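**Q** show me how the following folds:
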Amino acid sequence: MEYSSLQFTVKDLDRTYQFYRNVLGFYIERVLEEESFDYLLLKKDGYELIFESEEAVRKLHPKLSDKWGDGVRGCGVALNFVVCNLYEIYGRLRAHNITILYDIAEKHYGMREVWLFDPDNYLIVLSEQVK
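**A** Numbers count the residues shown, from 1 in each chain. Below you'll find the model as predicted:
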């Protein structure tokens, strides 16, 4: 398999961009296609995450509209990012008043983790190898 990506539907592309870039510190780019359809692209360690606005996805795929509720998105799925600067990111989380689900803790499998939700309630686990 040469290409791997996951697509996520979000309510507000600007809010998502600000969170993943300014809070988590990831490189994320905004892509405009055909002057009417734009999305966000996050690339990290050989995979891509694509964020599209709910409004655009509803227009392109109307059969999905009745499947979305106001509940937790991606229930049962976690976006696990391995990072090398967990404490730095943690400081930005605190500075932006992001609610932490599980505070930084060292795990028996040699990682330290912090758990949180992104602005669209996708579960994020930030992990860093314990040295």
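
**Q** tally of neighbours for the residue nearest to residue 11 when sequence neighbours are not counted?
**A** Take residue 11 and drop its neighbours on the chain: the residue closest to it by C-beta to C-beta, 6 or more residues apart in numbering is residue 54, 5.4 Å away. Just so you know, the C-beta spots here come from the backbone N, C-alpha and C atoms, and that holds for glycine as well. By the criterion of other C-beta atoms under 10 Å, residue 54 has 17 neighbours.

**Q** could you measure from residue 103 over to residue 93?
**A** Using C-beta to C-beta, to the nearest Å, residue 103 is found at 10 Å from residue 93.

**Q** for stretch 77-97, the distance to its chain's centre please.
**A** 11 Å (C-alpha atoms, centre = their mean, to the nearest Å).

**Q** what does it rub up against?
**A** For stretch 77-97, contacts defined as C-beta atoms under 8 Å, 6 or more residues apart in numbering pick out 22-26, 44-45, 49, 100, 104, 111-112, 114-116, 118, 122-129.

**Q** what's the first helix or strand after the helix ranked longest in the chain?
**A** Longest helix in the chain by number of residues, with DSSP state H as the criterion: helix 86-95. Per DSSP states H and E, the first helix or strand lying C-terminal to helix 86-95 is strand 100-106.

**Q** who does that next one pair with, and is each partner parallel or antiparallel?
**A** Applying DSSP bridges, strand 100-106 is found paired with strand 111-117 (antiparallel).

**Q** next secondary structure after the partner strand?
**A** Of the helices and strands lying after strand 111-117 in sequence (DSSP H and E), the nearest is strand 123-129.

**Q** could you give the angle of that next one to strand 100-106?
**A** Counting by axes from the mean of the first three to the mean of the last three C-alpha atoms, to 10 degrees, strand 123-129 points 10 degrees away from the direction of strand 100-106.
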